[in-house]
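>>> Provided below for reference: sequence and predicted model.
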Amino acid sequence: MSDALIEGKKLTKRFEDFVAVDGIDFRVEPGEAFGFLGPNGAGKTSTMRMISCVSPVTDGELRVLGMNPATQGSEIRARLGAVPQEDTLDLELTVRENLLIYGRYFGLARPVIRERADELMSFVQLTDRSGDRVDELSGGMKRRLTIARALINRPELVLLDEPTTGLDPQARHLVWERLYQLKRQGVTLVLTTHYMDEAEQLCDRLVIMDGGLIVAEGSPRQLIDQHSTREVVELRFDADDDRAKALALISRTDVPHENLADRILIYTADGETEVEQLGRSGVHPETVLVRRSSLEDVFLRLTGRTLEE
Amino acid sequence: MTALYFHVIERNVLAYRRLWGIFLTGFAEPLLYLASIGIGVGALVGTVKGPGGQMVPYDQFVAPGLLAAAAMNGSVFDTTFNFFFKYKYAKTFDAMLATPLGPVDVARGELGWALMRGTIYAAAFLFFMAILGLTSSWWAILCLPAAMLIGFAFAGAGMACTTFMRSFVDFDYVNMALLPLFLFSATFFPLSQYPAGVQWIIRCTPLYQGVALERALAFGELSWTLSINVLYLAAMGLIGLHIAGRRLALLLQP
Ligand SMILES: Nc1ncnc2c1ncn2[C@@H]1O[C@H](COP(=O)(O)OP(=O)(O)OP(=O)(O)O)[C@@H](O)[C@H]1O
Ligand SMILES: [Mg+2]
């Protein structure tokens, strides 16, 4: 297939000598929700900014909506919606005016924008704040307004850089629900996130980035199957000695495990059996939790880090 | 479809709708100067040598100089202080650049806004000059486009300089540059007051071009040298605008 909505080949971003994105290959198909995951500094924002045509590509190839960002940036931006990691709302204007003027930047007619602004304010539940100045809004409300603003031009592709960071659980669910609605309407979504549940819920496909490289790629399920075991056992200890002893015992077996600050993780196909075996060999943690493997575990195993560190 | 940079002007109009007070102060300053220096000092001085070599009343002499200075001050303020705030702190331009607007549109739009605001002030000032009988020729109507040209020149240069500034502290340099221009560009007294060598230095400075242009038009004393003043100012604005557009792309789209 060659009609990818976004295609990066050996895509590279350097800031002077520092390589932020190190020759990554990826493609995003029309209608899918695609995620970039990775720890702080992995290069997610740098990649998103190149796709948004607000940061020039240093090396490699990038095509967005079939066009070249270097020469057709303005045309591309006209058809996409961008939610940057940091809000760039116009603090001197009201909620409603922010939507109105942003629509004007796209050259839309005023009556069209007015109608869409009302729709979008109710879409993100800000209708009752429409006349308030933006600097009076809470952080979560600003985030929702940024998302609404990115939709003013009815984009076919929406780029969201950590859309729900800083939102309370209710607002997060509202945003997920809205993004899901957009997806059903056929809008292609590309997002970055630190939340595993967000990635599992929203993304059809995702890549995990680390140090400017893509270290894994696939659907959430595929990634879990390929890079983790079916189940994970979490062991917690109150006393450090017990923990050290347990760790020594576990290390002697060839069970794959990870030693974190607050717990030990054991990767296994069958958690219950594993716990019994450990008990027999003398490991007695204070609490034991057997759970299904998640993206978080994939992430941990691939990058050696938790996502929200 | 209107040109994209027009929407940048539109944004500023929207933001200033709530800031009428600030907007109005722009009218007051040059008029205060006119009242104190033109009318007050004018009564003491009597007459000075005008652009055509004839003796003219001091208030008529100084008014076009003040008009030129006001055009400079207004557009420099908009394109340095206000522009810096928008680009560095308010992220106003970052938002614009995520849309079809590009850095050059932003630079043009901001310059257009500075120019629009300056034109309104200049028109008001010129109107008062006419009412007070400080213009002696119909050519004085052209003082308005001349003020716009001065505004354009200083807006372009101001914006270009701003893109090199790191913090608000750097704006002290702007004031340090503006004050001598304001005082010594033949704004308040004829160039012939200076020794010949100094006269030539002043002839090369930017505000002098504007003062010479405004004064000649106010008295209807046209000469071919005015075309040099016009070209100087136009080139200054264009070069400034070009640099500002290039620098903005570098700064805002790393
Ligand atoms: N303008 C810049 N100049 C220099 N270095 C930069 C610039 N922007 C980003 N970097 C560097 O590039 C690397 C990748 O940054 P990027 O913002 O893409 O990471 P990220 O994956 O989005 O991280 P986070 O999860 O913290 O948002 C970092 O090491 C960062 O310091
Ligand atoms: Mg980021």
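Here it is on my side, so go on. Numbering: from 1, shown residues only, chains lettered A, B, ... in the order given. Ligands and ions are numbered 1, 2, ... in the order given.
>>> wait, residue A:146 sits on residue A:90?
No. Judged on Cβ atoms under 8 Å, residue A:146 makes no contact with residue A:90 at a distance of 11.0 Å. In this view, the C-beta of every residue, glycine as well, is placed from N, C-alpha and C.
>>> what segments of the chain are strands?
No chain specified, so I'll use chain A. Along chain A, counting by DSSP state E, strands occupy A:6-15, A:18-28, A:33-37, A:59-64, A:80-83, A:157-161, A:188-193, A:205-210, A:213-218, A:231-236, A:257-259, A:264-268, A:287-292.
>>> let's do chain B instead
B:47-49, B:55-57.
>>> would you reformat the ones you listed as a markdown table and include mean pLDDT, distance to residue A:84 and mean neighbour count?
Shown next, in a markdown table, are those (pLDDT from 0 to 100; distance: least, Cβ to Cβ, whole Å; neighbours: other Cβ atoms under 10 Å in any protein chain shown):
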| stretch | mean pLDDT | distance to residue A:84 | mean neighbour count |
| --- | --- | --- | --- |
| strand B:47-49 | 90 | 58 | 15 |
| strand B:55-57 | 92 | 59 | 16 |
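>>> any chance of TSV for those strands, columns distance to chain A?
As requested, the strands of chain B are exported to TSV (distance: least, Cβ to the nearest Cβ, whole Å):
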stretch	distance to chain A
strand B:47-49	45
strand B:55-57	45
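>>> report how many residues lie close to residue B:123.
For residue B:123, the neighbour count with other Cβ atoms under 10 Å in any protein chain shown is 13.
>>> follow-up on the earlier one: weakest of the strands of chain A in terms of mean pLDDT?
Lowest mean pLDDT within the strands of chain A: strand A:257-259, at a mean of 85.
>>> per-residue confidence at residue 222?
Went with chain A since none was named. Looking at residue A:222, the pLDDT reads 89.
>>> was after chain B, sorry
91.
>>> wait, isn't it in contact with residue B:215?
No. Applying Cβ under 8 Å as the test, residue B:222 and residue B:215 come out as separate, 11.4 Å apart.
>>> show me what contacts residue B:157?
B:206, B:236-237, B:239-240 (Cβ atoms under 8 Å, 6 or more residues apart in numbering or on different chains).
>>> residue B:222 and residue B:215 - which one has more neighbours?
residue B:215 (26 against 15).
>>> how many other residues sit next to residue 237?
If you meant another chain, say so; for now it's chain A. Neighbours of residue A:237 using other Cβ under 10 Å come to 20.
>>> looking at chain B here, not the other one
24.
>>> could I get the pLDDT score of it?
97.
>>> how about the one 10 residues further on?
Here, the pLDDT recorded for residue B:247 equals 95.
>>> check contacts around the closest residue to it other than its chain neighbours.
Closest residue in space to residue B:247, ignoring its immediate chain neighbours: residue B:163 at 3.6 Å, by Cβ to Cβ, 6 or more residues apart in numbering or on different chains. For residue B:163, the contact set (Cβ under 8 Å, 6+ apart) comprises B:87, B:243-244, B:247-248, B:251.
>>> how close does residue B:163 sit to chain A?
Noted for residue B:163: a distance of 17 Å to chain A, by Cβ to the nearest Cβ, to the nearest Å.
>>> now do the contacts for the closest residue to ligand 1 within the stretch 1-150 of chain B.
Of all residues in the stretch 1-150 of chain B, residue B:94 sits closest to ligand 1, at 12.4 Å by Cβ to the nearest ligand atom. Shown in contact with residue B:94 (Cβ under 8 Å, 6+ apart): A:54, A:84, A:88, B:252.
>>> of the residues you listed, which are in range of ligand 1?
Counting by Cβ under 6 Å from any ligand atom, nothing from the contacts of residue B:94 sits close to ligand 1.
>>> show the buried residues in those residues.
A:54, A:84, A:88, B:252 (16 or more other Cβ atoms under 10 Å in any protein chain shown).
>>> in these, find the pair that's most separated.
A:84 and B:252 (12.0 Å; Cβ to Cβ).
>>> residue B:252 versus the residue nearest to residue B:247, what's the distance?
10 Å (Cβ to Cβ, to the nearest Å).
>>> what number of residues lie near residue 108?
In the absence of a named chain, chain A is used. 19.
>>> the chain in question should be chain B.
Neighbour number of residue B:108 under other Cβ under 10 Å is 21.
>>> I'd assumed residue B:6 was in contact with it.
No. With contact defined as Cβ under 8 Å, residue B:108 does not count as touching residue B:6 (9.0 Å).
>>> re the thing from before, can you lay out the contacts of residue B:157 as CSV showing distance to residue A:300?
Putting the contacts of residue B:157 into CSV (distance: Cβ to Cβ, whole Å) gives the following:
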residue, distance to residue A:300
B:206, 63
B:236, 60
B:237, 58
B:239, 56
B:240, 54
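>>> ok, of the residues you listed, which one's closest to ligand 2?
Checking these against ligand 2 with Cβ to the ion, the nearest one is residue B:240 at 34.6 Å.
>>> which one is the closest one nearest to, not counting chain neighbours?
residue B:156 is the one closest to residue B:240 (Cβ to Cβ, 6+ apart), at 2.7 Å.
>>> show me what contacts that neighbour?
With Cβ under 8 Å, 6+ apart, residue B:156 has these contacts: B:79, B:111, B:236-241, B:244.
>>> quick one, helices of the chain?
Picking chain A for this. Assigned by DSSP state H, chain A shows helices spanning A:44-51, A:69-78, A:95-105, A:110-123, A:139-150, A:169-184, A:196-202, A:220-227, A:240-252, A:271-280, A:295-303.
>>> not quite, go with chain B.
B:6-16, B:20-33, B:42-45, B:58-77, B:83-84, B:92-97, B:103-131, B:143-162, B:171-184, B:196-204, B:206-219, B:226-252.
>>> ok, of those, where does mean pLDDT dip lowest?
Among the helices of chain B, helix B:20-33 carries the lowest mean pLDDT (a mean of 83).
>>> that older thread, between the helices of chain A, which one is nearest to residue A:129?
Between these, helix A:95-105 lies closest to residue A:129; by Cβ to Cβ that is 5.3 Å.
>>> send over that closest one as CSV, restricted to the C-alpha atoms.
Extracted in CSV, the C-alpha atoms of helix A:95-105 (Å, rounded to 0.1, in the frame of the first residue of the first chain):
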residue,chain,number,x,y,z
VAL,A,95,-12.8,30.8,25.3
ARG,A,96,-15.1,31.6,22.5
GLU,A,97,-12.8,34.2,20.9
ASN,A,98,-10.0,31.6,20.9
LEU,A,99,-12.1,29.4,18.7
LEU,A,100,-13.2,32.2,16.5
ILE,A,101,-9.8,33.6,15.8
TYR,A,102,-8.2,30.2,15.3
GLY,A,103,-10.8,29.4,12.7
ARG,A,104,-9.9,32.7,11.0
TYR,A,105,-6.3,31.6,10.8
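>>> could you check the angle helix A:69-78 makes with that helix?
130 degrees (axes from the mean of the first three to the mean of the last three Cα atoms, to 10 degrees).
>>> contacts for helix A:95-105, please.
A:89-90, A:93, A:110, A:112-114, A:116-117, A:120-121, A:126, A:129-132, A:134, A:137, A:145, A:148-149, A:152-153, B:4, B:7, B:10-11, B:14, B:95-96, B:99-101.
>>> turn the strands of chain B into JSON lines, columns for distance to residue B:30.
Output for these, formatted as JSON lines (distance: least, Cβ to Cβ, whole Å):
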{"stretch": "strand B:47-49", "distance to residue B:30": "20"}
{"stretch": "strand B:55-57", "distance to residue B:30": "19"}
